[in-house]
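Asks: A structural model of the following input is requested.
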Amino acid sequence: MSRGTPDRVPVIPQICPPHAVRMLGMDYESTILEMVRNPALMNQYDFQCAKEYGVDGIRAWMVPDPLDVVKVDGAWYGRDPKTGERLGPVDFEGGGGVVPSEEPTIQHEDEIAGKIPVLSAREVIQSGKLDSIKAIVKEGGDDFFVIGAPGCFTVEQITFVRGKAQAMMDLLDNPDFCHKIMEQSLAAAVQKSLALAAIGVDALYIGDTFGGVISPDHFLEFCVPYLKRFVQAIKGKGPLIYLHICGNSTKILEMMADTGVDCIEPLDPLGGVKVADAKKRVGHRVALMGGVHTVKLAHGTLPEVIDDCRRCLHEGAPGGGYILAAGDMLPTETSIEKVDAMINAAKNYTY
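Replies: The predicted structure is shown next:
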């Protein structure tokens, strides 16, 4: 991630908790439900899975608050343990957790500050939300690359506060409102990142899942300045920084590199991103990670996955500065054999 040429190409598949549950042979439904009740288990299972695979690193999350679960008409829902409010269906298909049932309805600017609290780095550490990441850092030592995620703070954060449809309208109709949300969110993310740095993570994951959906002009206005300020606040504090923009990031690769991050990913082939194109355009400025076709990982044949890994290595690895990974989060249903194929492809590649 520092654009060097290691003895072999690193592999960080981007394991998601539901995949870890399947790989570890646990009962799928009951374990997903238990992770909603005890979110720290997500990092624990991801780490156990990563160790068994023998990959080089893991992305670990600040844990959300625990929820109750309740079954209604055959479907499981997350429920606020204090109020009993049903918050949304349990996500068995994606990354685990709970999917909100309704879009947020915040309407007034003076509501923003209360919805996006800014804790100091010390308070973040004392909250206990980093304890499961601390345990991974301690056990992994110098041999395991641990990535922490401080949360989003650009357009994606606006969607959490306003809802997806309203957020897109706000970019056009109420940009000052959007900037106020992002200012508060950036301050919170910086403090979380300083806390993650203090416990010894090797890198920080930042990004925006809407970066490849909005126009390049909007990315330049609403994302780049805040991403730059984040990098300026964190650089030199220890962790490397990588920027995740899934989907079609082809038109904004240079802007992503301009933020000052160390690495960009996931080079999503479903969004039309080509590893070779990214390497040619920005590979001399930032490291690259990703590119392996997620649909092939989920539903393709083993030879197709092997060929795709070789393609990514051929396009991204020459000269160093490349990490083999999925073109987004590793699909839940990816077979063990396909992940092993990724690892072996990287091990067998010679510079």
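
Asks: hey, let's count contacts and neighbours off CA atoms from now on
Replies: Fine.

Asks: Pull the number of nearby residues for Lys237.
Replies: Around Lys237 there are 11 other residues, counting by other CA atoms under 10 Å.

Asks: And it, what's its pLDDT?
Replies: We note a pLDDT of 95 for Lys237 in this prediction.

Asks: these two touch, right, Gln191 and Glu123?
Replies: No - in this structure, Gln191 is not within contact of Glu123 by CA atoms under 8 Å, at 9.1 Å.

Asks: End to end on stretch 314-321, go ahead and measure it.
Replies: For stretch 314-321, the first and last residues are 13 Å from each other (CA to CA, to the nearest Å).

Asks: in it, what counts as buried?
Replies: By neighbour count, with 16 or more other CA atoms under 10 Å as the criterion, the buried positions of stretch 314-321 are 315-317, 320-321.

Asks: Residues contacting that stretch, please?
Replies: Stretch 314-321 is contacted by residues 1-6, 9, 275-276, 279, 283, 286-288, 322-323, 351 when judged by CA atoms under 8 Å, 6 or more residues apart in numbering.

Asks: repeat for stretch 199-216
Replies: The contact list for stretch 199-216, computed with CA under 8 Å, 6+ apart, reads 59, 134, 137, 145-152, 154-156, 193, 219, 223, 238-249, 251-252.

Asks: If you count surrounding residues, which of Gln191 and Glu123 has more?
Replies: Between Gln191 and Glu123, counting by other CA under 10 Å, Gln191 is the more crowded of the two (21 against 13).

Asks: number of nearby residues for the closest residue to that one other than its chain neighbours?
Replies: Among residues not flanking Gln191 along the chain, Ala121 sits closest, at 4.7 Å (CA to CA, 6 or more residues apart in numbering). Using other CA under 10 Å, Ala121 is surrounded by 20 other residues.

Asks: Contact partners for Ala121?
Replies: Counting by CA under 8 Å, 6+ apart, Ala121 touches 191-195.

Asks: pull the longest helix from the chain.
Replies: helix 175-199 (DSSP state H).

Asks: what's the straight distance from one end of stretch 189-209 to the other?
Replies: 16 Å.

Asks: if we can go back for a sec, Throw the buried residues of stretch 314-321 into JSON lines and include distance to Gln232, secondary structure and pLDDT, thanks.
Replies: Putting the buried residues of stretch 314-321 into JSON lines (distance: CA to CA, whole Å; DSSP: H, G, I helix; E, B strand; the rest coil; pLDDT from 0 to 100) gives the following:
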{"residue": "Glu315", "distance to Gln232": "30", "secondary structure": "helix", "pLDDT": "98"}
{"residue": "Gly316", "distance to Gln232": "27", "secondary structure": "helix", "pLDDT": "97"}
{"residue": "Ala317", "distance to Gln232": "28", "secondary structure": "coil", "pLDDT": "97"}
{"residue": "Gly320", "distance to Gln232": "25", "secondary structure": "coil", "pLDDT": "95"}
{"residue": "Gly321", "distance to Gln232": "22", "secondary structure": "coil", "pLDDT": "97"}
